[in-house]
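A.B. asks: sequence unknown, structure follows:
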């Protein structure tokens, strides 16, 4: 599901007013950014380079976008075009991902201001929240880990390894065809129930192991359409969990090694890992404040960011 944009129009657009809006990508600490005011980095749209606006030891990364395309009525129409939305979200991420590895608060897709003065008023209003958020994410980056299961493979694994299931499987080969038919049906039902329980237990164990190596974690909701019901064991993979981890830079190697070890341990049971990162801390640099968009209230999902 693509994120909804947040428009920040501090005052109504008037006839004769400027024809552009200010698009905010994120905020970095000025003394650590090592960036110049004029960047060569292209912005969301061609011909509009990213530039920096300094404020109170911070720098806001912005570019101009045409008002005709980014006012709320225009966006409402453009959001119907998922191809356009996906391209813009990925471009938003491209800008942030192209920066040096410095403390960064990414803001969500389509955080807009009428002009520089409106942006500076908002930054001033939430100065303390911004500096607090930097304390949370400094020296760390986000990694996304999606855990999936092939229930058919897990059922087969449990049938061979779980004593009560293996016993039934052995009996099937020693009884008549009629009895064998009912035993196989019973075995399928028990294996399916055991697989559902085992998948949940394994997902919990995986998260506990990874959580011990990181600074923070955030469990993302698994969309209903991303995971079929576990009663269907005809093959294919289902998403078990989707977790964002805030990993200190000096712990990233240990984090990746832990994932590799877990993948080897659970491979025979049909579990697989989809790892995306490093990313800007979309899931952790959040500022809850009325009237200003929260960083990562709708940043690119981990899967989108890697496309």
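C.D. replies: That came through, no problem. Here the structure is a predicted model, which is why all the values come from computation and not from measurement.

A.B. asks: so where do the strands sit in this protein?
C.D. replies: Ranges of strands within the chain are 20-29, 38-42, 49-55, 58-66, 104-113, 140-149, 216-220, 238-248, 271-279, based on DSSP state E.

A.B. asks: Low-confidence stretches in this structure?
C.D. replies: 1-18, 31-41, 100-101, 172, 176, 223-235, 286-307 (pLDDT under 70).

A.B. asks: ok so, going back, deepest of the strands of the chain, which one?
C.D. replies: Most buried of those, by mean neighbour count (mean count of other Cβ atoms under 10 Å): strand 104-113, with a mean of 27. For every residue, glycine as well, the C-beta is placed using N, CA and C.

A.B. asks: still on that earlier bit, nearest approach to residue 121 belongs to which of the strands of the chain?
C.D. replies: Set against residue 121 and scored by Cβ to Cβ, those come closest in strand 104-113, at 8.8 Å.

A.B. asks: quick one on the thing from earlier: how about the strands of the chain in JSON lines, adding distance to residue 169?
C.D. replies: Shown next, in JSON lines, are the strands of the chain (distance: least, Cβ to Cβ, whole Å):
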{"stretch": "strand 20-29", "distance to residue 169": "56"}
{"stretch": "strand 38-42", "distance to residue 169": "60"}
{"stretch": "strand 49-55", "distance to residue 169": "61"}
{"stretch": "strand 58-66", "distance to residue 169": "60"}
{"stretch": "strand 104-113", "distance to residue 169": "51"}
{"stretch": "strand 140-149", "distance to residue 169": "21"}
{"stretch": "strand 216-220", "distance to residue 169": "35"}
{"stretch": "strand 238-248", "distance to residue 169": "24"}
{"stretch": "strand 271-279", "distance to residue 169": "22"}
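
A.B. asks: do you know which of those lies nearest residue 79?
C.D. replies: Across the strands of the chain, residue 79 has its closest neighbour in strand 104-113 (9.5 Å, Cβ to Cβ).

A.B. asks: Next, the angle from the closest one to strand 271-279.
C.D. replies: Interaxial angle of strand 104-113 relative to strand 271-279 (axes from the mean of the first three to the mean of the last three Cα atoms, to 10 degrees): 70 degrees.

A.B. asks: Give the partner strands of strand 104-113 in its sheet and their orientations.
C.D. replies: strand 20-29 (antiparallel) (DSSP bridges).

A.B. asks: out of the strands of the chain, nearest to residue 95?
C.D. replies: Going by Cβ to Cβ, the one of the strands of the chain nearest residue 95 is strand 20-29, 5.0 Å.

A.B. asks: Now for the closest residue to residue 272 other than its chain neighbours: which residues touch it?
C.D. replies: Excluding its sequence neighbours, the residue lying closest to residue 272 (Cβ to Cβ, 6 or more residues apart in numbering) is residue 148, at 5.2 Å. Neighbour list for residue 148: 237, 238, 239, 240, 271, 272, 273, 274 [criterion: Cβ atoms under 8 Å, 6 or more residues apart in numbering].

A.B. asks: Against residue 27, how distant is residue 148?
C.D. replies: Going from residue 148 to residue 27 by Cβ to Cβ, to the nearest Å gives 35 Å.

A.B. asks: what's the answer for residue 218, then?
C.D. replies: 20 Å.

A.B. asks: just residue 75 next, same as before
C.D. replies: 22 Å.

A.B. asks: again with residue 174
C.D. replies: Computed as Cβ to Cβ, the residue 174 to residue 27 distance reads 70 Å.

A.B. asks: what's the answer for residue 276, then?
C.D. replies: From residue 276 to residue 27 the distance is 23 Å (Cβ to Cβ).

A.B. asks: Just flag the most distant two among the contacts of residue 148.
C.D. replies: 238 and 273 (14.0 Å).

A.B. asks: and residue 252, how many neighbours does it have?
C.D. replies: Neighbours of residue 252 under the rule other Cβ atoms under 10 Å: 17.

A.B. asks: surely it meets residue 141?
C.D. replies: Yes: between residue 252 and residue 141 there is a contact under Cβ atoms under 8 Å: 7.3 Å.

A.B. asks: who touches both of those two?
C.D. replies: By Cβ under 8 Å, 6+ apart, the residues touching both residue 252 and residue 141 are residue 278.

A.B. asks: Which residue, neighbours along the chain excluded, lies closest to residue 186?
C.D. replies: Using Cβ to Cβ, 6+ apart, the nearest residue to residue 186 is residue 168, at 6.6 Å.

A.B. asks: quick one: contacts for that neighbour?
C.D. replies: Taking Cβ under 8 Å, 6+ apart, one finds 183, 186, 187, 190 in contact with residue 168.

A.B. asks: mind listing which of those are in helices?
C.D. replies: 183, 186, 187, 190 (DSSP state H).
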